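Asker: Sequence and predicted structure below; questions after.
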Amino acid sequence: MTDESVFPNAAYKETVLAPLFEGAKTHFVAPVRAINQAHLVMLTETGILDTAQTRSIASALDEIDQNTDLDAHNYTGEFEDYFFFVEAELKKRVGPDLAGALHTARSRNDMDHTVFKMILSTRLDDLLDNAHALANMLIDKATREKTTLIIAYTHGQPAQPGTFGHYLGAMAEVLLRDIARLHQARQALELCPMGAAAITTSGFPIDRSRMARLLGFKGPTQNSYASIASVDYITALYSALKLLFIHLGRVIQDFQFWSSFEVGQLYVPDEFVQISSIMPQKRNPVPIEHLRLLSSLTVGRCDTMVNTMHNTPFTDMNDSEGEVQQAGYSAFESGNRALKLLGALVPALSIQADRVRATMEKSCITITELADTLVREEKLSFRQAHEIAAATSAAVIAEEKPLYGGFEAFSNAFKAVLKRRPSLDKTAFTTAISPENFIAVRTRYGGPAPEPMNEALTGYRTELKRFVEKAIENKKFRADSARGLSAAFARLKNT
């Protein structure tokens, strides 16, 4: 054989193994350390290893952790990956036989997926903290803006009056559903693959439940084949994450539209505005563009993860392991940046009431309530009421009048359809077409009037409180497990 036939091939080393090793140095050291310690504790407690073996391995693992400077280590190709690097260091200290004993009843297959789940749990918990904070901020902002009038747009055109609080409540409601999907996806991360070994578990009397608890999992995965073959914990998580940023991206697009000079409904304060380098009159709310970019980047990165799993075999495979896992972490990076920026931007936004009022007056967007009032007060059919309302709005728009100045046009339209004068006088007409009345009469469940808004906001707070409590419980469980592992491992060294 020539030198070129010795593993690893130079191109394979450069393009695959070295980048994977560098990624492992960044992401995998702490989880692998925890798995080694937990596995040693479990092997000892089940009697698979004796006290002397345990004490030697435990001391060697400690020495490796304390004396190995991975940052200074460049990948040489001497060891296939980080796992074999640690095993080689262990062999130097306790010999190959005893070092190999630590690998009893486990495989890189179950270790890899356990590492990935541990990392994803931490990253998801951090992202959920930011999502919970955003939801809390939205509920608070919606509460403050319950009566702030805005124009609700459909198809890019002024449609009906609304309130900023009602809009933000809608945003919070969707966000809470997205948060619920993320919490649901987290459940798959709470089950530990350790003990599945390569595929079929082991003939050794291992304790999979003890291993899971030491590592901060709620329990072991059940089917050992699925433990190393299934990737639904990846696809479910990144699908849920993708939906969160698709939905936030739609709101961000509204903010871009609302803050345009022509619309002017939304005011972005100076702290979020950049000035043109050549056009001093321009106020550019570019953080909104960065939010749109970060959301789109996150969606694309999530798609990368899910699409990579497509048409892969139902078995352990590299397609779902180190390199793609490391690629997926960038989705959390850009996603967290978007959540933090949006959480800072939204509280600073305000509605420009004068611009809103002016657009309402030009666009006749309260005309729907005039038609509804005619049905209720004049006992007209909806067809008749709609015909009168349409004629009224057409007349005032043609005359470039605000709707509140259109009582005469309304009276004429009413007489043309009903052959009689309306019972609504000018005062009742003006009240009916006011945006304040438009909001006030919409008291049905889910509407923008104060009563349903208060009910909704109370419900949102209750739901968010449950999510936050669940997140606190998850972190406490992990912290308790980490303390338990540390204590159990310390006992091994002192046995």
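Answerer: Right, received. Where do you want to start? Residues are numbered from 1 along each chain as shown.

Asker: Tell me, what's the model's pLDDT at the closest residue to A172 other than its chain neighbours?
Answerer: Distances taken as Cβ to Cβ, 6 or more residues apart in numbering place L138 nearest to A172, at 4.1 Å, with adjacent residues excluded. Just so you know, the C-beta spots here come from the backbone N, C-alpha and C atoms, and that holds for glycine as well. Reported pLDDT at L138 in the predicted model: 98.

Asker: Share the number of residues neighbouring L138, please.
Answerer: Per other Cβ atoms under 10 Å, the neighbour tally for L138 reads 25.

Asker: can you check the one 5 residues further on too?
Answerer: Summarising burial for T143: neighbours were counted as other Cβ under 10 Å, giving 17.

Asker: what about it, which helix or strand?
Answerer: T143 is part of helix 108-144 when elements are defined by DSSP states H and E.

Asker: Contacts made by the helix or strand that that helix is followed by with the rest, please.
Answerer: Downstream of helix 108-144, the next assigned helix or strand under DSSP H and E is strand 149-154. Strand 149-154 is contacted from outside by 158-164, 167, 254, 257, 265, 351, 353, 356-357, 359-360, 363, 365, 435-436, 439, using Cβ atoms under 8 Å, 6 or more residues apart in numbering.

Asker: Run me through the strand neighbours of strand 149-154, direction for each.
Answerer: strand 157-163 (antiparallel) (DSSP bridges).

Asker: and the strand it pairs with, C-alpha only, in PDB?
Answerer: Extracted as PDB, the C-alpha positions of strand 157-163 are listed here (Å, rounded to 0.1, in the frame of the first residue of the first chain):
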ATOM      1  CA  GLN A 157     -56.200  48.800   1.200                       C
ATOM      2  CA  PRO A 158     -57.800  50.500   4.200                       C
ATOM      3  CA  ALA A 159     -60.600  48.200   5.400                       C
ATOM      4  CA  GLN A 160     -62.000  48.900   8.800                       C
ATOM      5  CA  PRO A 161     -61.000  50.700  12.000                       C
ATOM      6  CA  GLY A 162     -59.200  48.600  14.600                       C
ATOM      7  CA  THR A 163     -57.100  49.200  17.700                       C
END
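
Asker: neighbouring contacts of that strand?
Answerer: 145-153, 359-360, 363, 365-366, 368, 435, 438-439, 448, 453.

Asker: Please list only the buried members of those residues.
Answerer: 145-151, 153, 359-360, 363, 365-366, 368, 435, 438-439, 448, 453 (16 or more other Cβ atoms under 10 Å).

Asker: quick one: secondary structure of the residue lying closest to L102 once chain neighbours are set aside?
Answerer: With Cβ to Cβ, 6+ apart as the criterion, L102 has its nearest non-adjacent residue at 5.6 Å, and that residue is I57. On the three-state scheme (DSSP: H, G, I helix; E, B strand; the rest coil), I57 is labelled helix.

Asker: Could I get the buried residue list for stretch 425-439?
Answerer: F429, T430, T431, A432, I433, S434, P435, N437, F438, I439.

Asker: nope, stretch 122-130 is what I meant
Answerer: Buried residues in stretch 122-130 (16+ other Cβ under 10 Å): T122, R123, L124, D125, L127, L128, D129, N130.

Asker: picking that back up, could you measure from the residue nearest to A172 over to P347?
Answerer: Using Cβ to Cβ, to the nearest Å, L138 is found at 9 Å from P347.

Asker: cool, I199 as well?
Answerer: Distance from I199 to P347, by Cβ to Cβ: 52 Å.

Asker: neighbour-wise, which of the two wins?
Answerer: Between I199 and P347, counting by other Cβ under 10 Å, I199 is the more crowded of the two (15 against 12).

Asker: pretty sure the more buried one is touching I228, no?
Answerer: Yes. Counting by Cβ atoms under 8 Å, I228 is a contact partner of I199 at 6.2 Å.

Asker: which residues do these two both contact?
Answerer: N109, D316.

Asker: A30 belongs to a helix, doesn't it?
Answerer: Yes. Per three-state DSSP, A30 lies within a helix segment.

Asker: burial of it, as a residue count?
Answerer: 13.

Asker: same question, the one 10 residues further on
Answerer: L40 is flanked by 22 other residues according to other Cβ under 10 Å.

Asker: Pull the distance from the strand or helix carrying it to the chain's centre.
Answerer: Take DSSP H and E as the rule and L40 turns out to sit in helix 29-45. Between the centre of helix 29-45 and the centre of its host chain there is 31 Å, according to Cα atoms, centre = their mean, to the nearest Å.

Asker: Only alpha carbons, please: show stretch 135-154 as PDB.
Answerer: Output of stretch 135-154 as PDB, limited to C-alpha atoms (Å, rounded to 0.1, in the frame of the first residue of the first chain):
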ATOM      1  CA  ALA A 135     -45.100  37.400  24.300                       C
ATOM      2  CA  ASN A 136     -45.100  39.100  27.700                       C
ATOM      3  CA  MET A 137     -44.100  42.400  26.100                       C
ATOM      4  CA  LEU A 138     -46.800  42.000  23.400                       C
ATOM      5  CA  ILE A 139     -49.500  41.400  26.100                       C
ATOM      6  CA  ASP A 140     -48.300  44.400  28.100                       C
ATOM      7  CA  LYS A 141     -48.200  46.600  25.000                       C
ATOM      8  CA  ALA A 142     -51.600  45.400  23.800                       C
ATOM      9  CA  THR A 143     -53.000  46.300  27.200                       C
ATOM     10  CA  ARG A 144     -51.700  49.800  27.000                       C
ATOM     11  CA  GLU A 145     -52.900  50.300  23.400                       C
ATOM     12  CA  LYS A 146     -56.400  48.800  23.800                       C
ATOM     13  CA  THR A 147     -58.100  52.100  22.700                       C
ATOM     14  CA  THR A 148     -55.400  53.300  20.200                       C
ATOM     15  CA  LEU A 149     -57.200  53.500  16.800                       C
ATOM     16  CA  ILE A 150     -55.500  52.100  13.800                       C
ATOM     17  CA  ILE A 151     -56.600  51.200  10.200                       C
ATOM     18  CA  ALA A 152     -56.800  47.500   9.500                       C
ATOM     19  CA  TYR A 153     -55.800  46.800   6.000                       C
ATOM     20  CA  THR A 154     -56.900  44.000   3.700                       C
END
